[in-house]
Structures are given as C-alpha cells and as structure tokens.
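Chemist: here is my input, please return the structure:
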Amino acid sequence: MTSPTLHLHRWGTGPRVVLVHGAVLGGREAWRGQRPLTERWELVAPDRPGHGRTPWARQDFEPESVLLADQLLDPPCHLVGMSYGGIVAMLAAAHKPAGVRSLTVIEPPSTAVARGVPAVDVYGAAMRDLSMTTDVPLEEALMRFLAVVGAPVTVPRPVPPALLDGVRQILGARPPDEAELPLDTLRQAGFPMLVVSGGHMPANEIICDVIAERTGAQRAVCPGAGHLVPDTGAPFNAVLEDFLTAAG
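Modeler: A predicted model of the protein is given here:
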C-alpha cells in the first residue's frame, strides 16, 4: 500500500517548528492556540493519517513516525508532539536525529515507560480498552476518550462531524501502551528536549517525569487545560518559545 502524503498547514515565518497533533483534532484545529507564535516562527502542522485532509490509515505510531521523519525532518526543524503525536514525534526523532533541532513532547500516553506503577497501569488499560473497542456509538466513544485523558471540553450538540471523524480513528487504533520508546537513543542524540504536562493527572506526571529523567530533558508543568496543554495559549506558548529560543 502506498504511504499517504501528509497534508500540511503552514503559518508564519522564521525558524521552522513542526507541530504533531494528538487524537481527534487535525493539525489546523489542534494548534489554534499557537497562532501568536507565527510572528517569529514558521509553524508547520501536518494532518496525521486519517485526520483533516490526509488520507485514511490505521492509527499506528510506528509507520506514522517513518512518514513524519521522511516527509518533514529535512531540513532540520524544531519538533513538537502532543499526546499520541508525542509518541510519533519521539520515534521520528530517534529514526532521524539529524533532522531535529529540538524535541518537545506534551503528555505522551506512553505508559510502557512506567509499567508496574498502579496509576499508570490503570491509565494504560483504559486507553487500550478504548482503542480495542469498535462497536460503540461515536458520541459515546468521544465522551469516554475525553474522560480517560482528562480533557475538560464541553462538546457542542449536535456533535460536529469533525469530532466524530476524529474519534473514529481511535477505535481500532494501535494502543499507545505498545510503544517502546527509544529513550536511550533520544538521550544520546544531542538535541535539546523538553517534556511538558498539564498537572492534572498522576499517571501523566509520572510518565513525563520518567521520560525527562531518562532522556535528560527539561521538564515543565503548564496547568489550566487538563490534557489539552496547548489550549492554555499564552502560558504554554511562553514555555515553548523560551525553550525553542534557547535551543537555537
């Protein structure tokens, strides 16, 4: 099967920052809070397969990471990944470290890094259960997903088609607890790394702490929007821009 070409949304001018979205929303919607950064940075937000205007493919972090590395990490860029997109970004960075100027990940649900910690195991099981479910109404699946990840969202009624299309990608997806992250490779890669959480769920704090400790990454907490850390807008943008500027 031919690999899909990632549809890209671009804004601004300056050093290039590639923003990899998580579940449900595509690249244009997921990073709406980062538009002020376009005064100083070029933001490039791909639609991951099956989201936005990129053709459908089963959600799977491994082939997606290869797509990302092959299509967007030349020339080198600052790479930012949110949630499931954080897993994709970490694997892509390990696959092509020469294409990464810095790496930022936001609450990746990579529960395998802290397997055996009760809170993390419960979170991983809930995510796996949702991924393995294929026979529930999409509206129900959306509400379950938001509750599991801790996203304080008021869903409009009727539910917009874009949200239903997005949650359809979660059902039958490859569960994030199967991701075995190459943390040693990332530590040795030489680019600066930042790990950000929202300070709202113990499992996410533990996962982010482990990733930061094992990679030598900087660590930040940006509360106010639960799992949807970029939706805090100015607070997250300040943390990210300070890091990007220091990373050169």
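Chemist: buried set for the helix or strand of the chain with the lowest mean pLDDT?
Modeler: With mean pLDDT, DSSP states H and E as the measure, the helix or strand of the chain carrying the lowest mean pLDDT is helix 161-168 (a mean of 90). By neighbour count on 16 or more other Cβ atoms under 10 Å, the buried set for helix 161-168 is 163-168. Every C-beta, even on glycine, is put in place using the N, C-alpha and C of the backbone.
Chemist: which other helices and strands does it contact?
Modeler: Counting contacts by 3 or more Cβ pairs under 8 Å, 6 or more residues apart in numbering; DSSP states H and E, helix 161-168 is packed against helix 138-149.
Chemist: and the angle for the helix it packs on with helix 161-168?
Modeler: Angle of helix 138-149 versus helix 161-168, following axes from the mean of the first three to the mean of the last three Cα atoms, to 10 degrees, is 70 degrees.
Chemist: what about helix 138-149, distance to the chain center?
Modeler: Centre-to-centre, helix 138-149 and its host chain are 17 Å apart (Cα atoms, centre = their mean, to the nearest Å).
Chemist: same deal with stretch 18-31?
Modeler: The mean C-alpha position of stretch 18-31 is separated from the chain mean by 8 Å, Cα atoms, centre = their mean.
Chemist: what is the residue nearest the centre of the chain paired to in the beta sheet?
Modeler: By Cα atoms, centre = their mean, the chain has its centre lying nearest to residue 82, at 2.1 Å. Applying DSSP bridges to residue 82 gives these bridge partners: residue 106.
Chemist: wait, what's in contact with it?
Modeler: Contacts for residue 82 (Cβ atoms under 8 Å, 6 or more residues apart in numbering) come out as 19-22, 30, 105-107, 229-230.
Chemist: closest one of these to residue 189?
Modeler: Among the contacts of residue 82, residue 105 lies closest to residue 189 (Cβ to Cβ), at 13.5 Å.
Chemist: so what's the residue count around that closest one?
Modeler: Applying other Cβ atoms under 10 Å, we find 32 residues neighbouring residue 105.
Chemist: does it touch residue 186 like I think?
Modeler: No: between residue 105 and residue 186 there is no contact under Cβ atoms under 8 Å: 9.7 Å.
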